[in-house]
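take a look and give me a structure for this.
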Amino acid sequence: MPIPCEPIGSVPRPPELIDALEKLRFGTIPPPEYEQMLGTALRDTIRRFEDSGSPVITDGEQAKPSFATYPLTGVSNVAPDGVAISFADGHTRRLPRLSAGPFRYGTFAEIYLKNAKQLTRLPVKQAVISVSALSLLYSGAGIPGYSREQFESELLDEAESDIRRCLLAGAHCVQVDFTEGRLSLKLDPTGGLLRRFIDLNYQVLRRFTVEERTRIGVHSCPGGDRDSTHSASVDYADLLPTLFSLAAGRFYLQLASEPDRKHVLGLIKEHRQPGQLVFIGVVDPIVSRIESPAEVCAAAIEAASYIPPDHLGTTDDCGFAPFADDVSTSRDIAFAKIQARVTGTRLAERELGL
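Model (predicted):
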């Protein structure tokens, strides 16, 4: 049985698309012209994924403003002064703030999936943002006439719909981006915020059947952006026991950039639940050096001594450009790393006799 090999999601947008998106925001480019450039970028992304030999692909998130805020596209009841997330290099990203109820998605991820599926015969996975990340849109100060309980009820419904629409549209699998998992432990070392986040995601996942959950995964990483992270200092030991309690069939875990991979693999071995498929990161998107296939192969073989090979997959540590304006990594480097992941995984299969 081959080792599953999947990307996380985003790849860097072409510079001309980033420039066009900025012009679109300021109304200095006609929307049809932007859509034409977006279509060109999407076709190029799909072609490059196919050329890499990747057995499962994504749309590279070319149309998303960011991995976290795509549901707010077209939504008017938000303000720009939400929660600020600080990265190790000193830069910040700020989430929007919900200014009034009700809460509704303006855009569902199925539209990205459908557009990609029209351009390829390969299986396409779809990343969606977690319900816990979107829970941060509700300010601690509250919203007059709209309680947090009302908000969370509507948020759970919308998040369920986002996943379900993708499954019904034929996604190979749906990946829930939960990069705020380790961040929550940085913000609240007691683990209270993490438990709250886990509970929200559990409430969504339990709405799906056991069979459906085999096609639903959870991605965790320390948040990569502009070659920096927001929570790499948080030990996986504080996250994984709780993370694996989620009723998901697949887990995508950053590992290539971990200073002590054996420590993390030991935690995975200890806390992984029966039947859970674990994809380990074997390339690091926030460093420019391109891993060799031999390095990827060695990482996969090492992981196979902790995780049963029939429950092991390989992936990238994070998306290469989760935010649309991130130009820290080139498309060429990103796809070279993807190619190394694919080739190295196939080498590992042969070494392991799979």
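
export stretch 4-24 to PDB, keeping only CA atoms.
Taking C-alpha atoms only, stretch 4-24 is exported to PDB below (Å, rounded to 0.1, in the frame of the first residue of the first chain):
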ATOM      1  CA  PRO A   4      -0.300   8.900   1.000                       C
ATOM      2  CA  CYS A   5       1.400  12.100   0.000                       C
ATOM      3  CA  GLU A   6      -0.500  15.400   0.100                       C
ATOM      4  CA  PRO A   7       0.200  19.100   0.200                       C
ATOM      5  CA  ILE A   8      -1.200  21.300   3.000                       C
ATOM      6  CA  GLY A   9      -2.800  23.900   0.800                       C
ATOM      7  CA  SER A  10      -1.400  27.200  -0.300                       C
ATOM      8  CA  VAL A  11       1.400  27.900  -2.700                       C
ATOM      9  CA  PRO A  12       2.800  31.400  -3.400                       C
ATOM     10  CA  ARG A  13       0.700  33.500  -5.800                       C
ATOM     11  CA  PRO A  14       2.400  34.900  -8.900                       C
ATOM     12  CA  PRO A  15       3.600  38.500  -8.300                       C
ATOM     13  CA  GLU A  16       1.200  39.900 -11.000                       C
ATOM     14  CA  LEU A  17      -1.800  38.300  -9.200                       C
ATOM     15  CA  ILE A  18      -0.800  39.800  -5.800                       C
ATOM     16  CA  ASP A  19      -0.500  43.200  -7.500                       C
ATOM     17  CA  ALA A  20      -3.900  42.700  -9.200                       C
ATOM     18  CA  LEU A  21      -5.500  41.800  -5.900                       C
ATOM     19  CA  GLU A  22      -4.200  45.000  -4.300                       C
ATOM     20  CA  LYS A  23      -5.600  47.000  -7.200                       C
ATOM     21  CA  LEU A  24      -8.900  45.300  -7.000                       C
END
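
pull out the buried positions in it.
Applying a neighbour-count criterion of 16 or more other Cβ atoms under 10 Å, one finds 4-14, 17-18, 20-21, 24 buried in stretch 4-24. Bear in mind the C-beta positions are built from the backbone N, C-alpha and C, glycine included.

repeat for stretch 296-315
Result for stretch 296-315 [16+ other Cβ under 10 Å]: buried residues 296-304, 306-307, 309, 312-315.

packing partners for the longest strand along the chain?
The strand that spans the most residues within the chain, counting by DSSP state E, is strand 277-283. Where contact means 3 or more Cβ pairs under 8 Å, 6 or more residues apart in numbering; DSSP states H and E, strand 277-283 is packed against strand 250-253, helix 261-271, helix 293-304, strand 312-316, helix 331-352.

quick revisit: which of the buried residues of stretch 4-24 fall within helices?
The helices, defined by DSSP state H, take in L17, I18, A20, L21, L24 from the buried residues of stretch 4-24.

what pLDDT is listed against A20?
You'll see A20 listed with a pLDDT of 89.

going forward, the N-terminal residue is numbered 42.
Noted, 42 is the first residue going forward, which turns the last one into A61.
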